[in-house]
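Trainee: coordinates for the following, if possible.
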Amino acid sequence: MAIQWFPGHMHLTKKAITERIKDTDVVIELLDARLPGSSANPLLAELTAGRLSLKVLNKQDVADPERTALWLAYYNSLPDTRAIGLDASMTTPARALIDACHGLAPKRGGLAKPMRVLICGVPNVGKSTLINTLTGRKAAKTGDEAGITKAEQRITLADDFYLYDTPGMLWPRIAVDQSGYHLAASGAIGRNAYDDEAVALELLAVLKRHYPGLLEARFKLKDVPAMTDEDLLAEVGRQRGALLGGGRVNLQKAAEIVMHEFRSATLGRITLESPEEFARWVADAQKLEMERAAKKEARTRERKGQRQDVTLPAPRPSS
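Mentor: Down below sits the predicted model:
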């Protein structure tokens, strides 16, 4: 099941970024440190091509530190790109953004050439919380749901540092299926766009593979790697009392519990993907897309050939 979500206000955000990028020195992309590849927007990369880029792995305090180090190394290896980890609720690390931007664009600064920075990210990645931390006031609305910010805001962090905040934006078609599930699990996608049970099962599959001990400790389970994903979800429901009549498990409630535990970080420090895994998923998605395109082209050629083979009936002789 592919998960897609691109509501109308995201079209407006795309247009706003297209206009704003003309006068932007540095683009900050706020990423979720628990899914650094899936939360990187390929549409944003296309819109901001050629601009200096600062990748900020937000929520690093709830992510797997070993995997965070791998992702920081990966992004720092890219041209014209810097990457830092951040916990948006902490004031001192948040100020590192300004220094990182000046490091990327050292010739910008001062009233004659103020630094102009565009900050972007997928919905619910913590961007508004970060901005409020930077300004020391509630300059942006926050909430634990996708799509809180709906319009661009200009925020002055210093006399020569202008920050333009844009609403959270996804992209029209999420080609990597795993990214869709991970974004949904993180809360970046509107609830009406996915099935809770399907997302919870995919999330449990990842956790069972990489963090079985955390599941066993949190839900008081044994031998998690030997369980099927479906049995694991049902057992979580039983342990938390999510039951219907006759002792049947309320799988919808169990799914909500699993996703809440992940989003609130009560399960532990988790990162759902490594750079190597994500690269493999992207390659598989590209291969699948090429195969679909080839089949579509073959069907088109076949239809054209059939039309050419159709012969008109001979005209009736005149009397």
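Trainee: now for the residue nearest to Arg240 when sequence neighbours are not counted, how many residues are close by?
Mentor: Closest residue to Arg240 apart from its sequence neighbours, by C-beta to C-beta, 6 or more residues apart in numbering: Ile257 at 5.3 Å. Heads up, the C-betas are built off the backbone N, CA and C, glycines and all. Ile257 has 20 neighbouring residues, counting by other C-beta atoms under 10 Å.
Trainee: give me the buried positions along whatever helix or strand Ile257 lives in.
Mentor: Assessed by DSSP states H and E, Ile257 sits inside helix 251-263. Neighbour counts using 16 or more other C-beta atoms under 10 Å place Leu251, Lys253, Ala254, Ala255, Glu256, Ile257, Val258, Met259, Glu261, Phe262, Arg263 of helix 251-263 among the buried residues.
Trainee: at which residues are the helices of the stretch 151-300 of the chain located?
Mentor: For the stretch 151-300 of the chain, the helices defined by DSSP state H, counting those that start in this stretch cover 177-186, 196-210, 212-219, 229-239, 251-263, 275-309.
Trainee: next, the buried residues of the third one.
Mentor: Residues of helix 212-219 classed as buried by neighbour count (16+ other C-beta under 10 Å): Pro212, Leu214, Leu215, Arg218, Phe219.
Trainee: what's the distance between Lys304 and Met290?
Mentor: Applying C-beta to C-beta, to the nearest Å, the value for Lys304 to Met290 is 21 Å.
Trainee: quick revisit: got the angle between the helix holding Ile257 and helix 229-239?
Mentor: In terms of direction (axes from the mean of the first three to the mean of the last three C-alpha atoms, to 10 degrees), helix 251-263 departs from helix 229-239 by 90 degrees.
Trainee: residues in contact with the closest residue to Ser186 other than its chain neighbours?
Mentor: Counting by C-beta to C-beta, 6+ apart, Ser186 lies nearest to Asp32, which is 5.5 Å off, once chain neighbours are set aside. The contact partners of Asp32, by C-beta atoms under 8 Å, 6 or more residues apart in numbering, come to Ser38, Ser39, Leu57, Asn58, Lys59, Val122, Val125, Gly126, Ser186, Ala188.
Trainee: re earlier: list the contacts of the helix holding Ile257.
Mentor: 144, 185-187, 196-197, 199-201, 203-204, 207, 218, 233-234, 236-237, 240, 242, 267, 270.
Trainee: how about the residue nearest to Ser186, phi and psi?
Mentor: phi -90, psi 120 (degrees, to the nearest 10).
Trainee: Ala16 now?
Mentor: The phi/psi pair for Ala16 (degrees, to the nearest 10) reads phi -60, psi -40.
Trainee: any figure for the gap between it and Arg154?
Mentor: Ala16 is 12 Å from Arg154, by C-beta to C-beta.
Trainee: can you check Val249 too?
Mentor: Val249 sits 50 Å away from Arg154 when distances are taken as C-beta to C-beta.
Trainee: the more surrounded of the two?
Mentor: Higher neighbour count among Val249 and Arg154: Val249, with 18 against 11, using other C-beta under 10 Å.
Trainee: so that one touches Leu243, yeah?
Mentor: Yes. The pair Val249 / Leu243 is scored as a contact, 6.2 Å apart, by C-beta atoms under 8 Å.
Trainee: overlap of the contact sets of the two?
Mentor: The contact sets of Val249 and Leu243 overlap at Gly237 (C-beta under 8 Å, 6+ apart).
Trainee: in the stretch 51-200 of the chain, where is pLDDT below threshold?
Mentor: Within the stretch 51-200 of the chain, the ranges that satisfy pLDDT under 70 run 88-89, 91, 93, 137-151.
Trainee: what about the closest residue to Val206 other than its chain neighbours, neighbour count?
Mentor: Residue nearest to Val206 in three dimensions, not counting chain neighbours: Leu272, with 5.2 Å by C-beta to C-beta, 6+ apart. Number of residues near Leu272 (other C-beta under 10 Å) recorded here: 28.
Trainee: which residues does Leu272 contact?
Mentor: By C-beta under 8 Å, 6+ apart, the residues touching Leu272 are Arg34, Leu35, Ser38, His182, Ala185, Leu203, Val206.
Trainee: rerun at 6 Å
Mentor: By C-beta atoms under 6 Å, 6 or more residues apart in numbering, the contact list for Leu272 reads Arg34, Leu35, His182, Val206.
Trainee: can you list the domains in the protein?
Mentor: 8-165, 177-263 (automatic domain parsing).
Trainee: can I get those in JSON lines with distance to Ala283?
Mentor: Below are those laid out as JSON lines (distance: least, C-beta to C-beta, whole Å):
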{"stretch": "domain 8-165", "distance to Ala283": "12"}
{"stretch": "domain 177-263", "distance to Ala283": "12"}
